[in-house]
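Requesting a structural model of the entry that follows:
(one chain, ligands or ions: 2)
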Amino acid sequence: MISSQEQSLILLKKYFGFDAFLPNQEAIINSILDRKDLLGIMPTGGGKSVCFQLPALQLSGTAIVISPLIALMKDQVDALSANGIPAAFYNSSQATETQNETLKKLQAQELKLLYVAPESLSFLMPFLNEENVSLFAVDEAHCISAWGHDFRPAYTQLGQLKDLFPNIPIAAFTATADSATQDDILKQLHIEDAERHIASFDRKNLFLEVRPGTKRFPQIVQFLESRTDQSGIIYCLSRKGTEKLAEKLNSNGFTAQAYHAGIDTETRNRVQEDFVNDRTPIIVATIAFGMGIDKSNVRWVIHYNMPKNIESYYQEIGRSGRDRLPAHTLLFYSFADVITLRKFIDESQTKEVQLAKLERMQQFAEALSCRRIALLNYFGEHVSESCGNCDNCKTPPQFFDGTILAQKVCSAVYRLKEQEALTMLVDVLRGAQNANVFDKDYQHIKTYGAVKDVSWQDMQQYIIQMVNQGILEIRFHENGRLLLTPLAKQILFEDRKVQLATLQKAEKLAKKTKRTEQTKAGLFDKLKTLRTEIAVEEKVPAYIVFSDAALRDMEAKLPETEAEFMEVSGVGEAKKDKYATRFLKVINAWVASKQSTHELSFSLFEKGLTVPEIAEQRGLKKDTIYGHFQKMHQEGESVDLHQFISEEEISKVKKAKIELGDEAEGLKPYFQYFDEQMPYWKIRMGLYLLGGQSVKN
Ligand code: ADP
Ligand code: ZN
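Ligands and ions are numbered 1, 2, ... in the order given. This is a model prediction of the structure:
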């Protein structure tokens, strides 16, 4: 007998198409199978769904999945159905008839999973008992806690589940790392002793990049040019900002739509749907966008403006790369944004905390070493090894001796009597001839024009580096004026040395990424086209058919047979049955375009396909396939043609050849000679084997 663990692995492949578990999945699944209560803390993309969907298949009864987002239920159920798992959802948006149908199925034990909104749970209660429920999965479990950022009153009634069904395991899931919220979740659910499974928050596939927020638009255009067929989100601070940017992108030939809370619900839903279904690749949005979107192939996220804290930043970049494939995140960091954000915070009640969080965000943006280390440390995961997948790891900053530059800056701050903010300081240092400078007569101070050769943007960046190094201080509450710190005085008077980081040229970085992306074009695009075609036919989002990860694996493995197709990650039995033929056709056509056609036929034959199967799969005649084998033989491959034609048949052809003599032109006379009983390919092969040369039709 096989153990339930082995059983889990078999089912993982059969239904979900995966060969191995992701971190924590197996432990969580085993606990549920042991009927234990648990809290699973996993980052977005961590593979939470499998944690309750797999035990749902193994246990008898129906798993009840409580999920706050009605919009996502349908997708989840579609995804399950696509994998051949009977599932349904129940919520207030449905017609009574549909609801009743679902209840009937539940009572008939026809469902492995039933998704329900917390608000609708009470309607289901009378139909549930310890015999027909396998487990309760509580998705987005932080919604139960008033501590969480997303409290849902209807979630509080979930406390009764454990009281009413003491023997049914409850598995709660959240991506919220904060431990006060975790404690509260367990308390509210009456499962205080539940196991906690905490996965790492590291999303290794997200490339982290920060660039100075200067000339953002041309940088974005350049970024997008190498990603024309990828989906992505650009986050902006203001509603107006989203509309303006979307318009600008559209007039530059991109397809983008704006999204913010001020747009009417109907339009918003449409925008969201167009994005999910790959009709609109680019969304320009405020932070209102993203919650409730389960799109796995978002390939990039750009922050046009800096988020107000690291939690928001992480959540927003986390919407990319849920399929675990590489995704690119790019944050534009500008000083002006910091000032705007500080203004918002000034009006808030929890000012102290929020300012501290903003400062941590700033530090992250300004970091000159591995960003992932900074990020994970912020979430309490202490790592020290550089990640290799952020801008600072890929192109470590180069430092130069910036002592003289720093001296000039400090001296200017001193001569401006520590009364001026960054803009004026840069203007003075660069010798700007504008009214602001002249009004205050700054053109006469000694450091006016002291660093004319450094661009405005670069100068600003160097000054920010000096602020970070504690040489200068910004008084945000006093119009952002800059002050000298004791360190500055050492630089001015004690010859203290200063190292500054050389500024990366954004364009150079962009070019580098472009090349690597392009080499992968080709088959992937063709697979995507087919996926879209099927998605339209089946009226489901493209990722329900196959994730990008599955398509990438097809690209890598180039399966040629159904058995090989089954080895692709993300291909389970249901999808193999439904889609293998169509995808194999595309893959084989592509391989054929790279490989000569006869080689392909023969390689399929060597993989165990019969000639009719090869012909079917390649959309060619059987005759042609035999011709391919013969060609392989001609080219010196060791192909045993005698397996296709017997000695007796060869003698017959020999006889015909003698009788027909030299007049016989082509194969037709032979075909007639044999009363159309011997196929053309065999005649051709026979003649070839006799004469050692090929005969054309
Ligand atoms: P979450 O709900 O935690 O954000 P999902 O359940 O949507 O994550 O899973 C994230 C992605 O990982 C999905 O594309 C899913 O198909 C994939 N995935 C889940 N489990 C595995 C596994 N064992 N092996 C490979 N990919 C997996
Ligand atoms: Zn790094």
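
alpha carbons only for contacts and neighbour counts from here, please
Noted.

what's Val540 in contact with, if anything?
The contact partners of Val540, by CA atoms under 8 Å, 6 or more residues apart in numbering, come to Asp75, Asp78, Asn277.

Now the last one: phi and psi?
Here is the backbone geometry of Asn277 (degrees, to the nearest 10): phi -90, psi 20.

can you count the residues close to it?
Other residues lying near Asn277 total 18 when counted by other CA atoms under 10 Å.

What helices and strands are in contact with the lengthiest helix in the chain?
Longest helix in the chain by number of residues, with DSSP state H as the criterion: helix 573-594. Contact analysis of helix 573-594 by 3 or more CA pairs under 8 Å, 6 or more residues apart in numbering; DSSP states H and E lists helix 523-538, helix 562-565, helix 597-606, helix 611-618 as its packing neighbours.

could those be laid out in JSON lines, adding mean neighbour count and mean pLDDT?
Formatted as JSON lines, the helices and strands packed on helix 573-594 follow (neighbours: other CA atoms under 10 Å; pLDDT from 0 to 100):
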{"stretch": "helix 523-538", "mean neighbour count": "17", "mean pLDDT": "92"}
{"stretch": "helix 562-565", "mean neighbour count": "16", "mean pLDDT": "90"}
{"stretch": "helix 597-606", "mean neighbour count": "18", "mean pLDDT": "83"}
{"stretch": "helix 611-618", "mean neighbour count": "18", "mean pLDDT": "88"}
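
now the ones you listed as CSV including distance to Met459?
Below are these laid out as CSV (distance: least, CA to CA, whole Å):
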stretch, distance to Met459
helix 523-538, 43
helix 562-565, 56
helix 597-606, 60
helix 611-618, 62
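
Indicate which one of those helices is closest to ligand 2.
Nearest to ligand 2, of all the helices and strands packed on helix 573-594, is helix 523-538, at 28.4 Å by CA to the ion.

got the contact list for the residue in the stretch 501-650 of the chain that ligand 1 sits nearest to?
Across the stretch 501-650 of the chain, no residue is closer to ligand 1 than Ser547, which sits at 6.2 Å (CA to the nearest ligand atom). By CA under 8 Å, 6+ apart, the contact set of Ser547 is Ser296, Asn297, Asp323, Gly570.

Report the secondary structure element holding the first one.
This points to Ser296. Ser296 belongs to no helix or strand when assigned by DSSP states H and E.

Could you report the pLDDT at it?
With respect to pLDDT, Ser296 has a value of 88.

circling back to that earlier point, of the contacts of Val540, which is the nearest to ligand 1?
Asp75 (10.8 Å).

Is it correct that the closest one falls within a strand?
No - read with DSSP: H, G, I helix; E, B strand; the rest coil, Asp75 is helix and lies in no strand.

quick revisit: next up, phi/psi of the residue of the stretch 501-650 of the chain closest to ligand 1, please.
The phi/psi pair for Ser547 (degrees, to the nearest 10) reads phi -80, psi 160.

how near is it to Gly318?
17 Å (CA to CA, to the nearest Å).

now swap in Pro541 and tell me
20 Å.

and if you look at Asn434?
According to CA to CA, Asn434 and Gly318 sit 44 Å apart.

between these two, which one's more packed in?
A count of neighbours by other CA under 10 Å puts Gly318 above the other of Asn434 and Gly318, at 21 against 11.

quick one: least confident helix or strand in this protein?
Here the helix or strand of the chain ranked lowest by mean pLDDT, DSSP states H and E is helix 506-518, holding a mean of 43.

Helices along the stretch 351-500 of the chain, start to end?
Taking DSSP state H, counting those that start in this stretch, the helices of the stretch 351-500 of the chain run over residues 351-366, 371-378, 391-394, 403-415, 422-430, 435-439, 456-468, 486-493.

Alpha carbons of stretch 307-325, as PDB, please.
C-alpha atoms of stretch 307-325 as PDB (Å, rounded to 0.1, in the frame of the first residue of the first chain):
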ATOM      1  CA  PRO A 307       5.000  54.000  -2.100                       C
ATOM      2  CA  LYS A 308       4.500  55.300   1.400                       C
ATOM      3  CA  ASN A 309       6.000  52.200   3.100                       C
ATOM      4  CA  ILE A 310       7.700  49.000   2.500                       C
ATOM      5  CA  GLU A 311       4.600  46.900   3.200                       C
ATOM      6  CA  SER A 312       2.700  48.600   0.300                       C
ATOM      7  CA  TYR A 313       5.800  48.400  -2.000                       C
ATOM      8  CA  TYR A 314       6.100  44.700  -1.300                       C
ATOM      9  CA  GLN A 315       2.500  44.000  -1.800                       C
ATOM     10  CA  GLU A 316       2.400  45.900  -5.100                       C
ATOM     11  CA  ILE A 317       5.500  44.400  -6.600                       C
ATOM     12  CA  GLY A 318       4.200  41.100  -5.400                       C
ATOM     13  CA  ARG A 319       1.500  41.200  -8.000                       C
ATOM     14  CA  SER A 320       4.000  40.400 -10.600                       C
ATOM     15  CA  GLY A 321       5.500  37.000 -11.200                       C
ATOM     16  CA  ARG A 322       3.000  34.900  -9.300                       C
ATOM     17  CA  ASP A 323       3.700  32.100 -11.700                       C
ATOM     18  CA  ARG A 324       7.200  32.100 -10.300                       C
ATOM     19  CA  LEU A 325       8.800  33.100 -13.600                       C
END
